[in-house]
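Trainee: Pasting the sequence and the predicted model now:
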Amino acid sequence: MRACVLFNPRAGSAGQIEALRAALDADPDVTLRELGPADDLAALAGRAARDGFDVVAVAGGDGTVHAAANGLLAGGGRAALAVLPLGTGNDFCRTMAIPLDPVAALGLLRTGRPRAIDAVRVEGGRTGYMVNAATGGFSGRVAAEVTAELKASWGPLAYLRGAAGPLTDPPRYRVEVRFDGGPAERFDVLNVVVANARTAAGGIPVAPTANPEDGRLDVVLVRAGDTLDLSVVAARLMHGDYLGDENVIHRLARRVEIVADPPLPFSIDGERCEGARFAFTVVPRALRVLAGPDYHPAAGGEAALEDEYGADDEPVAAATKSVGKRLFGLLGGALLLAKRSPPGVAAGFAAVAVAVLLFAWLAGGAVGGEWHDWNARVMLAQRARATPDLDRFALALSWLGSWRGTTIVVVGLLAFFLARKHYLTAATLLGVVGGVALLIAVLKPAFGVARPEFFPHLAPADGLSFPSGHALNGTGLFGFLAALMVARGYHQRHPAWWAGAAACVLLAAGICWSRVYIGVHTPTDVAAGAVAATAWVAACLVARHYAMARPKTGALL
């Protein structure tokens, strides 16, 4: 197989360039042509195809790929395109599963599978072809901010750095869109994506379900909205599932016509342009490309996307990307919870909790009276039954309700929920824990009740007594888990879920009991804490229910 490599020595780092040049010089089947500043890459690619080369390879970034693809498509030859990535984003390579190490990608000249992929004819503000994606509006303004100097100093993070300016004044465009020659549809949008492949701006999945061989474009419109709306979209975009958001419109079409006011700034395969009218038309299976061994034309979901983004990174870097995606998913879940909670639900349940606590304090009489005597009788009766084994059991339960024990359980649960992609549940758990912490911080000083002294405490305890922080922690955490298990048991009719819920209830009750047994809280202290936590958990669960009940919540459930 005869291959011609068009090498842009100004792309990539010095180390990459030297390593790639050495590998190319050692391959006798490769003809190397270095590009000068004035060379027309598109013309050279077309000429190489006409000269009879089987493969025309380009060493550079997305702009280099764009120019070479235009040359091959305009020339009409059947030479396959190969890419040796030296750019900042290398987004086309990510969809085609081409190794992001240019020396490793060189091996595809011998082993790569030629795939016939779609090209996209572009008319209007720019003419020619694209192979990856056109991102316009907000994305186009970000692309304008990402200069060569910014790429050199920030690398792939240059795109996030470039977003800082447009974020301070988000644009709004009124667009008129026709899909496959149909009637015009009007939208107020922040961003427009017309994609043949899946990522842009250095691996951001702007069209995570795109298939470069299906003869259709993925068109994604992000509606203009308030800051919270756009924050939810942004978090879900970084996680890779934003197509399900209610502020995102996703369509498939063979031809898309866009009229915009004001004119849309676009980045088309990394090349900037601006115009009021654009048309994008699929040219099916027009370009042959050497794909990597892990290439799949149809996106296979979250796991496949992670494989595409991290397949050629070091294991630590791939793990870091995976954790980053999970954290963006968690952020999306938290924003979704805040956005879609019914107005006043959390405030209403918090008010109920405060009212119940106030009643408990007034009626419980921590400073004297009938309830004071009842507290004393219960605590002394518990202490009369004390044994060494019961002491150890009570101390273990008490530790589970402490901040240290609760933190360990919460971290474990968060890791489990994030691993299973239950982002909304993870965000709700954080809401439960955060609300409990706030209740403790506010209510204890508000009531200012000292610890009971009916008998020597089995364990040291500082601070105030009413309401019990351990009771709030234990009831909040294990009550939340019990509620989740009850819901799952109701839907799946499996006794294991009911058994798990019962165990969680017993753990919460045991933590409350342990504080009375140890002597650091009265029964009314723990009852007040349990009531407050139950009210707050109910508020969080109602908020989660409303968030899940909305249409198209996607993978954030």
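Mentor: Happy to help now that I have it.

Trainee: For this structure, name the helix or strand with the lowest mean pLDDT.
Mentor: helix 302-310 (a mean of 34; mean pLDDT, DSSP states H and E).

Trainee: For the stretch 151-300 of the chain, give me the ranges with low pLDDT.
Mentor: 151-170, 225-241, 245, 300 (pLDDT under 70).

Trainee: now the strands for it?
Mentor: For the stretch 151-300 of the chain, strands defined by DSSP state E, counting those that start in this stretch occupy the ranges 173-179, 185-195, 217-223, 248-253, 255-268, 271-291.

Trainee: Need the winner for burial among the ones you listed.
Mentor: Comparing the strands of the stretch 151-300 of the chain on average neighbours per residue, with mean count of other C-beta atoms under 10 Å, the densest one is strand 217-223 at a mean of 24. C-beta: built from backbone N, CA, C; applies to glycine.

Trainee: Report the distance from it to the chain centre.
Mentor: On the basis of C-alpha atoms, centre = their mean, to the nearest Å, strand 217-223 sits 18 Å off its chain's mean C-alpha point.

Trainee: what's it packed up against?
Mentor: strand 173-179, strand 185-195, helix 227-239, strand 248-253, strand 255-268 (3 or more C-beta pairs under 8 Å, 6 or more residues apart in numbering; DSSP states H and E).

Trainee: And the ones you listed: which comes nearest residue 3?
Mentor: Closest approach to residue 3 among the helices and strands packed on strand 217-223 is made by strand 255-268 (27.1 Å; C-beta to C-beta).

Trainee: that older thread, the helices and strands packed on strand 217-223: which one's closest to residue 446?
Mentor: Closest among these, using C-beta to C-beta: helix 227-239, at 30.8 Å.

Trainee: Report how many residues lie close to residue 454.
Mentor: 15 (other C-beta atoms under 10 Å).

Trainee: Check residue 38 too.
Mentor: Neighbours of residue 38 (other C-beta under 10 Å): 5.

Trainee: pLDDT below threshold where in this structure?
Mentor: 10-15, 76-77, 139-170, 225-241, 245, 300-353, 355-370, 490-492, 548-557.

Trainee: Just the strands from the protein, written as ranges.
Mentor: 3-7, 30-34, 55-60, 80-85, 113-124, 128-130, 133-137, 173-179, 185-195, 217-223, 248-253, 255-268, 271-291 (DSSP state E).

Trainee: Can you add distance to residue 420 and give these back as TSV?
Mentor: Shown next, in TSV, are the strands of the chain (distance: least, C-beta to C-beta, whole Å):
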stretch	distance to residue 420
strand 3-7	45
strand 30-34	47
strand 55-60	40
strand 80-85	33
strand 113-124	34
strand 128-130	37
strand 133-137	30
strand 173-179	36
strand 185-195	29
strand 217-223	27
strand 248-253	24
strand 255-268	35
strand 271-291	31
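
Trainee: Show me the one of those that comes nearest residue 70.
Mentor: strand 128-130 (5.0 Å).

Trainee: Okay, residue 261 and residue 188: tell me how far apart.
Mentor: Separation of residue 261 from residue 188 (C-beta to C-beta, to the nearest Å): 10 Å.

Trainee: what sits in contact with each of those two?
Mentor: 173, 174, 175 (C-beta atoms under 8 Å, 6 or more residues apart in numbering).

Trainee: State the number of residues packed around the residue nearest to residue 439 when sequence neighbours are not counted.
Mentor: Closest residue in space to residue 439, ignoring its immediate chain neighbours: residue 532 at 5.5 Å, by C-beta to C-beta, 6 or more residues apart in numbering. Applying other C-beta under 10 Å, we find 29 other residues in the vicinity of residue 532.

Trainee: distance of residue 532 from residue 80?
Mentor: Taking C-beta to C-beta, one finds residue 532 at 68 Å from residue 80.

Trainee: And for residue 423?
Mentor: Taking C-beta to C-beta, one finds residue 423 at 41 Å from residue 80.

Trainee: cool, and residue 49?
Mentor: Counting by C-beta to C-beta, the gap from residue 49 to residue 80 is 9 Å.

Trainee: Quick check: neighbours shared by the two?
Mentor: residue 56.

Trainee: follow-up on the earlier one: to residue 436, which of the strands of the chain lies closest?
Mentor: Here strand 248-253 is closest among these (C-beta to C-beta), at 34.1 Å.

Trainee: hey, C-alpha coordinates of that closest one in CSV?
Mentor: In CSV, the C-alpha atoms belonging to strand 248-253 read as follows (Å, rounded to 0.1, in the frame of the first residue of the first chain):
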residue,chain,number,x,y,z
VAL,A,248,-32.0,20.8,24.1
ILE,A,249,-33.6,20.0,20.7
HIS,A,250,-32.1,17.0,18.9
ARG,A,251,-33.0,16.1,15.3
LEU,A,252,-31.7,13.8,12.6
ALA,A,253,-31.7,15.1,9.0
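
Trainee: For it, which outside residues touch it?
Mentor: 179-180, 187, 216-223, 233, 242-243.

Trainee: Now do it and strand 185-195, the angle between them.
Mentor: For strand 248-253 against strand 185-195, the angle by axes from the mean of the first three to the mean of the last three C-alpha atoms, to 10 degrees is 70 degrees.

Trainee: Tell me the strands beside strand 248-253, with direction?
Mentor: strand 217-223 (antiparallel) (DSSP bridges).

Trainee: Extract the C-alpha set from the partner strand and format it as PDB.
Mentor: Output of strand 217-223 as PDB, limited to C-alpha atoms (Å, rounded to 0.1, in the frame of the first residue of the first chain):
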ATOM      1  CA  LEU A 217     -26.700  14.700  10.500                       C
ATOM      2  CA  ASP A 218     -27.200  15.100  14.200                       C
ATOM      3  CA  VAL A 219     -28.600  18.600  14.700                       C
ATOM      4  CA  VAL A 220     -28.500  19.900  18.300                       C
ATOM      5  CA  LEU A 221     -30.100  23.200  19.300                       C
ATOM      6  CA  VAL A 222     -29.600  24.500  22.900                       C
ATOM      7  CA  ARG A 223     -32.400  27.000  23.800                       C
END
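
Trainee: quick one, that strand and strand 173-179 angle?
Mentor: Going by the same axes, to 10 degrees, strand 217-223 makes 150 degrees with strand 173-179.

Trainee: For stretch 505-514, list the C-alpha coordinates in PDB.
Mentor: Taking C-alpha atoms only, stretch 505-514 is exported to PDB below (Å, rounded to 0.1, in the frame of the first residue of the first chain):
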ATOM      1  CA  VAL A 505     -34.900   1.500  60.100                       C
ATOM      2  CA  LEU A 506     -33.500  -0.600  62.800                       C
ATOM      3  CA  LEU A 507     -30.100   1.000  62.500                       C
ATOM      4  CA  ALA A 508     -31.600   4.500  62.700                       C
ATOM      5  CA  ALA A 509     -33.600   3.500  65.800                       C
ATOM      6  CA  GLY A 510     -30.500   1.800  67.300                       C
ATOM      7  CA  ILE A 511     -28.500   5.000  66.900                       C
ATOM      8  CA  CYS A 512     -31.200   7.000  68.700                       C
ATOM      9  CA  TRP A 513     -31.400   4.400  71.500                       C
ATOM     10  CA  SER A 514     -27.600   4.400  71.900                       C
END
